[in-house]
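Student: can't give you the sequence, but here's the structure:
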């Protein structure tokens, strides 16, 4: 896998600014995503890494204007090539066509009562407008593209007849049907066996290079990020705490949370020293302190951390950190 | 690590087959075949493999929780395969298990005190204040406060529940603990806490682990020796160094190269292992890895390769490598 | 080892600490404070205890007349407000017996039969369901076949046979209703156990050497309770109605004693001349069933530990 993906000038595809998603609860509104800013350029593989409850999956859906009720988007903007995706008209045009999604569990997204072929057919008729024999032609082509052998036979299969890896390939095929410019992949390999995960990641990597697609990879797995992405954002408690090019993030993490995360992951390729872990537990959403959400677990915390959340500031070229102990140059 | 010392737990040719109805047909599931392993006192043996490789079945068979179809289990040199009920109950003090899913491993309807007290109630005469003290001591041992005893499981996060599960497993000071994907359901920052706790307890309490996991990195971190399984067969077993620095079986090599290393500096191009895992209801003849093996020769499709010693304590089941 | 201060880390555990009652607080105290916060619970308890009280002490109250005393001149007197007098506040039936007195008397029979039948059926049925589900194998096959046979066998027919053999009596009605509803508990209990027994906490208990009885009693049963309580209520309502059916067929309580079912069945012929006979008996049944339903609703939410603590502690003043 190569570090850079394509070359030439990058065009800004997706621009998310101050996106905030709230969920009403008994104790008031809890922010699932809090003033999130994110840009995806063309030919880019951006990783968003976070632990459970960090809001990364909520973010993935909210970018397409989808939030499960009773949650709602409370503020911010999402622009796709300059157009407002939060406008339902634009969202319907863009969603599934220019921006496609791949989820963790393909069983949820694939219709259990329809064969792979009929699901692809429906998609190609409705969204792409193909007719007649072109549909079958394109279906076979898509399955071939995602590395499914005996494509003709697989078209007649139902989702439950396929293995987990095979289902994820079908899912990718349906995402590719409309030749999207950006694929949002939410934990696409979680739950798959290591060797199958390897197949799927390699497939996604190769496809994004060949087809010039950008990928927004949402994952909890730092290994997946390190092997797959060009750039990475670390999320904690609904906010981006650090953003950096992939090599710099792993070589020199700046935010105490990123640092703790990297020191928590054992490596299979060499003996590592003691895992330091991060003390404490992730907080319950309703109990966020008014200041930095990581403050209760942070060993660098000081008084100033407790009042308002630190803004995401630029500390160097392409590097942003939200921490009072890492003062930056200007605001995001 | 093995050799002169009497192993704490040992299995010889342990096999577990069971039948399952698939539609209207009875099919035999070959969950575990000829599983031979020894765990020395104070040793951690990692057991690695993908889904359906039989690693959980192997762990449960060693604990007597699953009845083997054939083979034997020894505890401190004594054959415990066919112990009667009463003897097994006594054995329970010596061997315990830590589970994957800390949410399902604690009864939601009873307080933490009652969960941890159960082994004491079953095996000891501790009652009342003495029992409370024992429960509190266990909770403190795993880094919780004794006041946690009064709460119900729902008040705790996954990591805290896993600590409680560990406290319950260690209540009677067992010598041997099977940790079945003990950290798989946890976030990485919590996983590190639990891994550290397990390593620390091993030294302070004096434990041996069979550490079952699909995560090669975690296994590398905790294990003295490592065994790699595929579809019910042991493929390779050796020291930490043998497996990670000199993996010999083609499956071990493929498995290791498939792990995404959390370091972009180590990106390497490699050919992913082809194909899917076959079903344990219909395993391939000969070497079970033959459908995906890049090196497979004719013999691999007919004869099962035996585990042969390649260097001291490093055994590999492969005709080719 | 940084993780040792896990539960003492500021913030990490605050919710949990707050959400747990102080030491020494028993389940009973939990129950009380939980009840205070639950309108359904209070209403349910109120209705149920009122009826129980009436059933127990009613006949000795000074204004309750003899339920068996007939007075043909007074027959079909309407209740107060519809032309009746306070002599018979709820009117009289076709034989001039006081409706209020008969309702109070009937409450004893209806509640006795309903409760006794459901308790017997629930204990027997749940125990069999637990054993069938947990032990499995031949015992399971045996129990579940018996339940199937019972399910296919009409309860009324069983009643007829038994009455033919032993003669009509209230106790017989209880037995007949109990044996025609135990299998409901068995079936539901068994299917719940089949799911539960694959839980890791059951395996953990077995691995710690706990005997099967302990696993069933301490681990399986508490997890069945909330579902079975709902079932009890449904069955209680059904049992009260069954009792009325048996009364109508003449197999249950014998006149001059009364039961709500008997009153409805007898009053149904006079529905145009004396609507109050069926109406008050029907109302009595409906209100009791409603009360028991409310009670079960509350018990169910109490049984859900997480919800219980939320209600006790987080909703200030209900």
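Tutor: Received, thanks. No experiment lies behind these values; they were computed from the predicted model shown. Numbers count the residues shown, from 1 in each chain, chains lettered A, B, ... in the order given.
Student: so who does residue A:88 touch?
Tutor: Going by C-beta atoms under 8 Å, 6 or more residues apart in numbering or on different chains, residue A:88 touches residue A:65. Bear in mind the C-beta positions are built from the backbone N, C-alpha and C, glycine included.
Student: which residue is it, in the stretch 201-321 of chain B, that comes closest to chain A?
Tutor: Among the residues of the stretch 201-321 of chain B, residue B:260 lies closest to chain A, at 3.3 Å counting by C-beta to the nearest C-beta.
Student: what strand or helix carries the closest residue to that residue other than its chain neighbours?
Tutor: Spatial nearest neighbour of residue B:260, excluding adjacent residues (C-beta to C-beta, 6 or more residues apart in numbering or on different chains): residue A:223 at 3.3 Å. Using DSSP states H and E, residue A:223 sits within helix A:222-228.
Student: residue B:14 now?
Tutor: strand B:9-22.
Student: direction included, what does that strand pair against?
Tutor: Partners of strand B:9-22 in the sheet, by DSSP bridges, are strand B:25-39 (antiparallel), strand B:70-75 (antiparallel).
Student: now that strand, how far from the chain's geometric center?
Tutor: Centroid separation between strand B:9-22 and its chain, computed with C-alpha atoms, centre = their mean, to the nearest Å, is 15 Å.
Student: cool, and stretch C:268-286?
Tutor: With C-alpha atoms, centre = their mean, you get 24 Å for stretch C:268-286.
Student: most centrally placed residue in chain B?
Tutor: Against the mean C-alpha coordinate of chain B, by C-alpha atoms, centre = their mean, the closest residue is residue B:212 at 2.7 Å.
Student: am I right that that one is in a strand?
Tutor: Yes - the assignment for residue B:212 is a strand, going by DSSP: H, G, I helix; E, B strand; the rest coil.
Student: show me what it is bridged to.
Tutor: With DSSP bridges as the rule, residue B:212 is bridged to residue B:47, residue B:180.
Student: low-scoring stretches of the stretch 1-150 of chain A, by residue?
Tutor: A:1-9, A:26 (pLDDT under 70).
Student: can you give me the strands for it?
Tutor: Using DSSP state E, counting those that start in this stretch, the strands found in the stretch 1-150 of chain A span residues A:12-25, A:28-41, A:45-49, A:72-80, A:83-84, A:99-102.
Student: hey, which of these is tucked in deepest?
Tutor: strand A:45-49 (a mean of 26; mean count of other C-beta atoms under 10 Å in any protein chain shown).
Student: adjacent strands (with direction) for that strand?
Tutor: strand A:214-219 (parallel), strand A:231-236 (parallel).
Student: what does the last one rub up against?
Tutor: Outside strand A:231-236, the residues within contact range by C-beta under 8 Å, 6+ apart are A:36, A:38, A:44-51, A:54-56, A:59, A:225, A:240-246, A:249, A:255, A:257-258, A:261, A:293-294, A:318.
Student: mark which of these are buried, thanks.
Tutor: A:36, A:38, A:44-51, A:54-56, A:59, A:225, A:240-246, A:249, A:255, A:257-258, A:261, A:293-294 (16 or more other C-beta atoms under 10 Å in any protein chain shown).
Student: do you know how far residue A:71 is from chain B?
Tutor: Per C-beta to the nearest C-beta, to the nearest Å, residue A:71 is found 22 Å from chain B.
Student: now that residue: closest residue in space, sequence neighbours ignored.
Tutor: In space, residue A:71 is closest to residue A:23, 4.3 Å off (C-beta to C-beta, 6+ apart).
Student: equivalent analysis for residue A:140, please.
Tutor: residue A:151 (4.7 Å).
Student: residue 38 bridge partners, please.
Tutor: As the question left the chain open, I've gone with chain A. Assigned bridge partners for residue A:38, using DSSP bridges, are residue A:16.
Student: could you do chain B instead?
Tutor: Residue B:38 has these beta-bridge partners by DSSP bridges: residue B:10.
Student: neighbours around it, how many?
Tutor: By the measure other C-beta atoms under 10 Å in any protein chain shown, the count of residues near residue B:38 is 20.
Student: what residues are up against the residue nearest to residue A:71?
Tutor: A:29, A:30, A:31, A:32, A:70, A:71, A:285.
Student: next one: residue A:302
Tutor: Contacts of residue A:302 (C-beta under 8 Å, 6+ apart): A:324, A:325.
Student: separation between it and residue A:288?
Tutor: Distance of residue A:302 to residue A:288, given as C-beta to C-beta, to the nearest Å: 18 Å.
Student: over to residue A:65?
Tutor: From residue A:65 to residue A:288 the distance is 25 Å (C-beta to C-beta).
Student: how about stretch B:17-30: buried residues?
Tutor: B:17, B:29, B:30.
Student: I misspoke; the intended subject was stretch B:26-46.
Tutor: Buried-residue list, stretch B:26-46, by 16+ other C-beta under 10 Å: B:29-46.
Student: go on, stretch B:279-298?
Tutor: Neighbour-count burial for stretch B:279-298 [16+ other C-beta under 10 Å]: B:280, B:283, B:284, B:286, B:287, B:288, B:289, B:290, B:291, B:292, B:293, B:296.
Student: cool, stretch A:117-130 as well?
Tutor: Along stretch A:117-130, these residues count as buried under the neighbour rule (16+ other C-beta under 10 Å): A:117, A:119, A:120, A:121, A:123, A:124, A:130.
Student: over to stretch A:218-237?
Tutor: Neighbour-count burial for stretch A:218-237 [16+ other C-beta under 10 Å]: A:218-237.
Student: ok, now stretch A:268-283?
Tutor: A:268, A:269, A:275, A:276, A:277, A:278, A:279, A:280, A:281, A:282, A:283.
Student: quick one: that stretch near chain C?
Tutor: Yes - using C-beta under 8 Å from any C-beta of the partner chain, we find that stretch A:268-283 touches chain C at A:276, A:277, A:278, A:279, A:280, A:281, A:283.
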